[in-house]
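Student: Got a predicted structure plus its sequence, pasted below:
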Amino acid sequence: MNIKYSGDTRDLFKFDLVRQLMKSIPEFKSFTFVPMITEKKSRKKQKNSSKLDLGAAARKGLAGTNNLDLMTHLGRLQEINDDLEYFSGIHSYFRQENIMVDVLHKDRFSHENRVNYFQKLFEKFPAESLILLDPDTGLEVKNPTQRHLLFEEVNNIFDRMDSSSVLMIYQHIPRVIRKGYIKKRCEELSAVCGSLPETITDNEIVFFFLTKDQAMRSRLCKVLGEYTKHYNVLSACVCS
């Protein structure tokens, strides 16, 4: 992720969905956030970005806009320009919701240092957790950069997960046919991890969910389906 976009509509969808999953699946003991924050090309916030207009998002009925407390928190996050302030804001919101959150880890992410980044993650690896990997763009492409998450990294994390945990991956959708793109990415993840992911999308971003336990997968799919009923822009579980 990139801190200059903090508090935008993607954060709104992301953290409201995390809240819904944590409240709906009591097997999760914690929410583990792996932010993969990259260096900013500019220190300036993107004030003119339509993604930061939460009022417009509410009028359009975008995902997360029913959560007024989160909307207020994200409005504050739009004013910050510091990593630690961002993490503090995330902690504050989830503490208010009585959800245990752990940010792993807070160092900047770079393509050159990705091996050390994930090694540190494995030193404090969670159990019974919803684990969110949040790269700038999403899964690797032909020539991956620091904006991407490699399939090898997904596989290493998935291998270490216990059966009560779920891996959640952020993915920006490029300007292609959405359904075909999501299906292709699902097939790639399935080939890497041996498990077909569940998904939820607003047609701009998609979250992939991987778990080792079939009962957990069924439970997850049900919660995602229920969540889509609150927002017409969403669709879920297209990989099944």
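Tutor: Arrived safely.
Student: I'd like the distance from stretch 72-80 to the chain centre, please.
Tutor: A distance of 18 Å separates the centroid of the chain from that of stretch 72-80, by C-alpha atoms, centre = their mean, to the nearest Å.
Student: How about stretch 52-68?
Tutor: On C-alpha atoms, centre = their mean, the centre of stretch 52-68 falls 18 Å from that of its chain.
Student: for stretch 91-108, same thing?
Tutor: Computed by C-alpha atoms, centre = their mean, the separation of stretch 91-108 from the middle of its chain amounts to 13 Å.
Student: tell me the mean pLDDT over it?
Tutor: The pLDDT scores in stretch 91-108 average 90.
Student: Show me which positions of that stretch end up buried.
Tutor: For stretch 91-108, a neighbour-count test (16 or more other C-beta atoms under 10 Å) marks Y93, F94, E97, I99, V101, D102, V103, L104, H105 as buried. Every residue, glycine included, has its C-beta placed from N, CA and C.
Student: And stretch 196-216, by the same measure?
Tutor: For stretch 196-216, by 16+ other C-beta under 10 Å, it's 197-202, 205-213, 216.
Student: Filter the buried residues of stretch 91-108 down to just the ones in helices.
Tutor: Y93, F94 (DSSP state H).
Student: got the buried residues of stretch 91-108 as CSV, with distance to R114 columns?
Tutor: Shown next, in CSV, are the buried residues of stretch 91-108 (distance: C-beta to C-beta, whole Å):
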residue, distance to R114
Y93, 28
F94, 26
E97, 31
I99, 28
V101, 23
D102, 20
V103, 18
L104, 14
H105, 13
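Student: Quick check, central residue of this structure?
Tutor: Geometric centre of the chain, nearest residue: Y170, 4.3 Å, by C-alpha atoms, centre = their mean.
Student: one step back: the buried residues of stretch 196-216 in helices, which ones?
Tutor: Using DSSP H, the buried residues of stretch 196-216 in helices are M216.
Student: ok, which stretches of the chain are helices?
Tutor: Going by DSSP H, the chain shows helices at 9-24, 54-60, 68-77, 83-96, 114-123, 151-160, 178-193, 214-228.
Student: helices and strands around the fourth one, which ones?
Tutor: Okay, so that is helix 83-96. The contact analysis (3 or more C-beta pairs under 8 Å, 6 or more residues apart in numbering; DSSP states H and E) places helix 83-96 against helix 9-24, helix 68-77, strand 101-103.
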